[in-house]
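Participant: Prediction below, plus the sequence it came from.
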Amino acid sequence: MLIMPLIGLLTWWLIGLLTRSPEKLNYINVTEKNQEKQYNMLKKIMILIQNLAFIIFILTNEAFIRYAVGIENSVFIFLTMLLLAVILLALFYNLIWTARLNK
């Protein structure tokens with residue numbers, strides 16, 4: 001049952017590569033004036049997503065193992081869904097924040 005943690009570790013590493021060069025990603029309303037603000041915000045959001053995605057894979061693996069053994073696993077499934085919601089909220093917050101930046 002090491003597949004999920006390995007996928008989580010690979011995802012964590014790939015998102016870490018994206019975080020190192022934020023200027024190569026697409027942005028909304030980017031100007032010379034707000035360029036650094038957007039790069040810093042994206043780095044923070046990507047680090048949040050990176051760590052939460054890794055935790056989600058670990059919790060999902062734990063839920064699968066508990067299900068296979070026959071132990072109650074609803075807490076791990078709930079935490080996984082909660083962390084997915086946090087990721088989506090962070091993405092929408094960043095999208096709205098970026099759209100409201102002054103040009």
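Facilitator: That came through fine.
Participant: excluding its backbone neighbours, what's nearest the residue most central in space within the chain?
Facilitator: Closest to where the C-alpha atoms of the chain average out (C-alpha atoms, centre = their mean) is residue 49, at 1.7 Å. Among residues not flanking residue 49 along the chain, residue 87 sits closest, at 5.6 Å (C-beta to C-beta, 6 or more residues apart in numbering). All C-beta spots, glycine's among them, are computed from the backbone N, C-alpha and C.
Participant: packing partners for the strand or helix carrying the one you found?
Facilitator: Secondary structure from DSSP states H and E places residue 87 in helix 74-99. Under the contact criterion of 3 or more C-beta pairs under 8 Å, 6 or more residues apart in numbering; DSSP states H and E, helix 74-99 touches helix 35-69.
Participant: Could you pull up the mean pLDDT of the helix it packs on?
Facilitator: Over the span of helix 35-69, the pLDDT mean works out to 89.
Participant: is it true that the residue nearest to residue 49 touches residue 53?
Facilitator: Yes - between residue 87 and residue 53 there is a contact at 7.3 Å, judged by C-beta atoms under 8 Å.
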